[in-house]
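A.B. asks: Have a look; sequence and predicted model below, questions after that.
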Amino acid sequence: MLSKSAQTTSVHKGFTLVELLVVIAIIGILIGMLLPAVQTVREAARRTTCANNVRQIALAVHNYESAHQKFPVNQVGPGASDGSGGFGSGYYSWLVPLLPNIEQGNLYDSFNLNMNNGDGDSYKISNSHPNAIAANTLVPVFLCPSDTPNRNNSIILGSANPAPGNYAGNLGWPSYTTGYSGERSSPGRHNGAIPVIHPSTPVAWHASKIGMASFQDGTSNTALLSERLIQSGNSASAINNGDKRLRSLHILERFETLPAIVDQMSSSHAHVFESAHIGRSWSSGSPLVAPTYMHVQTPNSEIGHYDTSMDEGDFVVTASSQHPGGVNLALVDGSVRFVSDSVSRETWWAVGGRDDGRIESLSN
């Protein structure tokens, strides 16, 4: 028979079921409290990385302008026919000539810039095109880490499956706007930062050459580039049920003020075709997919298009991002700002135009 002392030492004390459940509940509450904080820190890091990408691209534009005395051009159309079935240089985005300035010289050299950046005179590019591998190449500095684009772009843009990009150059206002209150001539001329041309069919409102001296409102008061989300839907249902910031609304081709365009878009309807291409190729200058945007709607609002948008480039794409509350934006002077979704329309319009005569500044 065991002694009393032996009986006492053999007794082990542990958690009851109730105590264990309480501990688990406390741990669950702590995890629930920590997760949002962790996610906030991670998003802050992604936003900083995105801002650095914007800064690098802005610096590349400065270096390009110093070497060529002009800003890189976005080609919104195909090259001219050479008479033997081929087409000259066309459909190259303004980011392609910047490649040597972001340590992507080898990628730049792999493009055949003497031919159209698409099959025939099309913006779609197959895997047999000489530029297929280059167009398919992901460039990290062209992607915002907060966005998660669909990498399968072959359904929309051809079997070369072009690589997407998040950063877009400022084209200013569409040619149809008469300004703030009707003071602008009709049709208006290009007033953004990135020049745009149609290589084979000249368009009156385009600008083929822009330099630092072109910014009459000041380089610190004019937007150069910003973020723009990438369409990921590969079907009509996916696009219609997806992010509303990537559903393009039809705008009637009539001359009207900026406020009137905004009001018209609020009662318009979306088109799947124009919505399907946005941001899917960083190397293509085609208006449907080009890395360009306009200053009509404030950040993370609706986007829109005219019937002329596909041919002329007056695609009213709006700056947008996955960062809560706003977008990263670079001014022409190279400084970077995080612009709130609540920025006033008047300020947003003003920083979109390089020569509208209104001086507005964006605070950090």
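C.D. replies: Alright, I've got the coordinates.
A.B. asks: Okay, now the unreliable bits of this protein?
C.D. replies: Applying pLDDT under 70 to the chain flags the ranges 1-15, 19, 34-39, 363-364.
A.B. asks: Please state the offset of stretch 126-141 from the chain centre?
C.D. replies: Stretch 126-141 has its C-alpha centroid displaced from the chain centroid by 19 Å (Cα atoms, centre = their mean, to the nearest Å).
A.B. asks: Name the residues of that stretch that are buried.
C.D. replies: Across stretch 126-141, burial judged by 16 or more other Cβ atoms under 10 Å covers 129, 131-132, 134-136, 139, 141. Where you see a C-beta, it was placed from the backbone N, CA and C, and this is true even at glycine.
A.B. asks: Could you export that stretch as PDB, CA atoms only?
C.D. replies: Taking C-alpha atoms only, stretch 126-141 is exported to PDB below (Å, rounded to 0.1, in the frame of the first residue of the first chain):
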ATOM      1  CA  SER A 126       1.100  36.700 -81.700                       C
ATOM      2  CA  ASN A 127       3.900  34.500 -80.400                       C
ATOM      3  CA  SER A 128       5.500  34.500 -83.900                       C
ATOM      4  CA  HIS A 129       6.000  38.300 -83.900                       C
ATOM      5  CA  PRO A 130       9.700  39.400 -83.600                       C
ATOM      6  CA  ASN A 131       8.700  41.400 -80.500                       C
ATOM      7  CA  ALA A 132       6.800  38.600 -78.800                       C
ATOM      8  CA  ILE A 133       9.400  37.700 -76.200                       C
ATOM      9  CA  ALA A 134      10.100  41.400 -75.400                       C
ATOM     10  CA  ALA A 135       6.400  42.200 -75.100                       C
ATOM     11  CA  ASN A 136       5.900  39.200 -72.800                       C
ATOM     12  CA  THR A 137       8.600  40.300 -70.400                       C
ATOM     13  CA  LEU A 138       7.500  41.500 -67.000                       C
ATOM     14  CA  VAL A 139       9.400  44.600 -65.800                       C
ATOM     15  CA  PRO A 140       9.100  44.800 -62.000                       C
ATOM     16  CA  VAL A 141       9.300  48.600 -61.900                       C
END
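A.B. asks: Could you save the buried residues of stretch 126-141 as TSV and add columns showing distance to residue 161?
C.D. replies: Output for the buried residues of stretch 126-141, formatted as TSV (distance: Cβ to Cβ, whole Å):
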residue	distance to residue 161
129	11
131	12
132	9
134	12
135	8
136	6
139	15
141	20
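A.B. asks: Just the residues you listed: which are in helices?
C.D. replies: 132, 134-136 (DSSP state H).
A.B. asks: if we can go back for a sec, between the buried residues of stretch 126-141, which is nearest residue 176?
C.D. replies: residue 135 (31.3 Å; Cβ to Cβ).
A.B. asks: ok, the closest residue to that closest one other than its chain neighbours to residue 305 distance?
C.D. replies: Excluding the flanking residues, the one nearest residue 135 by Cβ to Cβ, 6 or more residues apart in numbering is residue 162, at 4.5 Å. Counting by Cβ to Cβ, to the nearest Å, the gap from residue 162 to residue 305 is 20 Å.
A.B. asks: who has more neighbours, the two?
C.D. replies: Neighbours were counted for residue 162 and for residue 305 using other Cβ atoms under 10 Å; residue 162 has more, 27 against 24.
A.B. asks: which ones are touching that one?
C.D. replies: 125, 135-136, 153, 280-284, 289 (Cβ atoms under 8 Å, 6 or more residues apart in numbering).
A.B. asks: Then residue 130?
C.D. replies: Contacts of residue 130 by Cβ under 8 Å, 6+ apart are 112, 115.
A.B. asks: How much space separates it from residue 24?
C.D. replies: The value you get for residue 130 to residue 24, if Cβ to Cβ is used, is 61 Å.
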